[in-house]
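Sharing a sequence plus its predicted fold:
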Amino acid sequence: MQAMNTRLTGAAAALALALSLGVSAPAKAQFMNIDYANLAENIVGNMQSMNFWAQEKMVLMESMSLNTALSDLTIQNQNNATANTIIRINQRATDLHNTRAITRSIPAYDVCDNVSIVVSMEDAVCAAVERKDDDQQRIVEKHTNFSQSAGEFERSRREAAAELVGACDELGFDRCADASMLLGGSGDGLNISDRDGSAEATFRQIDIITGGLPERKTSPSLGAGVAANEQRINDLRREALRSLVTTSLSEIRAARLSIDDMPSEFQNMWEFSAQRWGTEEAEDFLKRIANAHPDKAELGNRARTYPEEVIRLTASMQAFQTFMAVESYRQSLRLEALNAGMLSLMIQPLLEQ
């Protein structure tokens, strides 16, 4: 219908054009001369031109519609592709974030061992300190006999000698004289305990090293005066220096003292260190840290260590290093006290009894 209207409009336009072009009149003529052959030819030509133009217009309109549809489709495809790309990028970022969150939240593989060592060490130190104080007091009281009379002193000295010899006879005299048991020589194990008699043997060693038998204090029999006071100060000085030695040796003994079969402080420290150096367990630890464990296929995630886990392991080892630094400082204080006591004896020796 639209094409027919287009053709009628074109025909009317062609007829008007032909009339304007094909009708001519002489300037002086009173009547128009019409060239019907030329008019008909022009009308047909114009109608053909208008028909061609209408067809061309339809082709152009269809082409424009097709181009518009193709453009819309192209834009839609590009939008879809961009949206899919953004979705994939966001999903990948989310997956990476979740993976990192998981690796950061994974506890260190040895956290249970470390916590148990810390708890065990705390219990061992508390129990050993209490036992150390009691044993140390037994030695100190033996030598602080300032108010004893001559008869009381001789009786206490005989009783102390009988007790010490009897204890060493029961333990074995060699054990009372073997210092490697106190210091932890090779083959002596990590603990000293009541189970094998090593706790009593090391106590007797400290007793023997610090004198074993009480010494007679002459100051009570001197009465008052300058000489008596000097002798009292000398007696006090002797026992203060003896107490320095007793305390230092008792600290060494307490570090390896096992109470009620609990691991000693030294054993707990050794186990923490052995997990990381010098043992087969430490070899596996170093391989895991380097992600070079040969049994990756069998152990799976247990054969590798994530960076976050390395940070946690480093923190635990730094905490242990801090503890050891404090222990080293305590040891340096004991050494300084012993050196100061030796220096004081060099400067001013004890008076003869």
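Looks like it arrived, so ask away.

Quickly note the distance from Ala325 to Met269.
Computed as C-beta to C-beta, to the nearest Å, the Ala325 to Met269 distance reads 13 Å. C-beta coordinates here come from the backbone N, C-alpha and C atoms, glycine included.

again with Leu182
From Leu182 to Met269 the distance is 17 Å (C-beta to C-beta).

picking up where we left off before, more neighbours, Ala325 and Met269?
More crowded of Ala325 and Met269, by other C-beta atoms under 10 Å: Met269, with 19 against 10.

So what touches stretch 111-124?
Residues external to stretch 111-124 that are found in contact with it (C-beta atoms under 8 Å, 6 or more residues apart in numbering): 108, 258-259, 262-265, 267-269, 271-272, 275, 316.

Go through these and flag which are in helices.
Here DSSP state H is the test, and those give Glu265, Gln267, Asn268, Met269, Glu271, Phe272, Ser316 as lying in helices.

Could you rank those by neighbour count and give me the top one?
Glu265 (24 neighbours).

mind checking pLDDT for that residue?
You'll see Glu265 listed with a pLDDT of 86.

contacting residues for it?
Met121, Ala124, Val125, Ala128, Ala254, Ala255, Arg256 are the contacts of Glu265 under C-beta under 8 Å, 6+ apart.

Repeat the analysis, applying 6 Å as the threshold.
The contact partners of Glu265, taken as C-beta atoms under 6 Å, 6 or more residues apart in numbering, are Met121, Ala124, Val125, Ala255.

The first one falls within a strand, correct?
This means Met121. No. Using DSSP: H, G, I helix; E, B strand; the rest coil, the assignment for Met121 is helix, not a strand.

Tell me the gap between whichever strand or helix holds Gln321 and the middle of its chain.
For Gln321, the enclosing helix or strand under DSSP states H and E is helix 307-347. In terms of C-alpha atoms, centre = their mean, to the nearest Å, the centre of helix 307-347 is found 22 Å from the chain centre.

next one: stretch 51-70
73 Å.

quick one: buried residues of it?
Using 16 or more other C-beta atoms under 10 Å as the test for burial, stretch 51-70 gives Ala54.

All further residue positions should be reported with the first residue as 52.
Renumbered: residue one is now 52, and that last one reads stretch 102-121.

mean confidence score for that stretch?
On average, stretch 102-121 scores 83.

Then stretch 125-133?
pLDDT averaged over stretch 125-133 gives 87.

for stretch 228-248, same thing?
On average, stretch 228-248 scores 74.

Over to it now: how far is its first residue from its last?
14 Å (C-alpha to C-alpha, to the nearest Å).

what residues does it touch?
Against stretch 228-248 from outside (C-beta under 6 Å, 6+ apart): Leu222, Ser249, Ala250, Thr253, Gln256, Arg307, Leu308, Ser309, Ser315, Phe317, Gln318, Trp321.

Kindly report the domain assignment for the protein.
The chain breaks down into these domains under automatic domain parsing: 52-74+88-107, 175-325+357-398.

Packed most tightly, which of these would that be?
Comparing these by mean neighbour count (mean count of other C-beta atoms under 10 Å), domain 175-325+357-398 comes out on top with a mean of 16.

what separates that domain from the chain centre, distance-wise?
The answer for domain 175-325+357-398 is 37 Å, by C-alpha atoms, centre = their mean.

Check the gap between Phe103 and Gly248 for me.
For Phe103 relative to Gly248 (C-beta to C-beta), the value is 126 Å.

thinking again about what came up before, can you tell me which two in the contacts of stretch 162-175 are farthest apart?
With distances taken as C-beta to C-beta, the most widely separated pair in the contacts of stretch 162-175 is Ala159 and Ile310, at 29.4 Å.

give me the low-pLDDT residue ranges for this protein?
For the chain, the stretches flagged by pLDDT under 70 are 52-87, 159-160, 198-199, 236-240, 269-274, 344, 346-355, 404.

Quick one: the strands in this structure, in order.
Residue ranges of the strands in the chain, as given by DSSP state E, are 74-75, 84-85, 243-244, 308-309.

these two touch, right, Leu222 and Thr253?
No. Judged on C-beta atoms under 6 Å, Leu222 makes no contact with Thr253 at a distance of 10.1 Å.

quick one: contacts for Leu389?
Ser299.

let's see it at 7 Å
Neighbouring residues of Leu389 by C-beta atoms under 7 Å, 6 or more residues apart in numbering: Leu295, Ser299.

distance of it from Arg304?
In terms of C-beta to C-beta, Leu389 sits 16 Å off from Arg304.

which residue packs closest to Asp258, ignoring adjacent ones?
Nearest residue to Asp258, sequence neighbours excluded (C-beta to C-beta, 6 or more residues apart in numbering): Ile190, at 5.5 Å.

Next one: Ala376 from Glu387, what distance?
Taken as C-beta to C-beta, the span from Ala376 to Glu387 is 16 Å.

ok, now Met393?
On the measure of C-beta to C-beta, Met393 and Glu387 end up 11 Å apart.

And for Arg155?
Here the criterion is C-beta to C-beta. By it, Arg155 lies 45 Å from Glu387.
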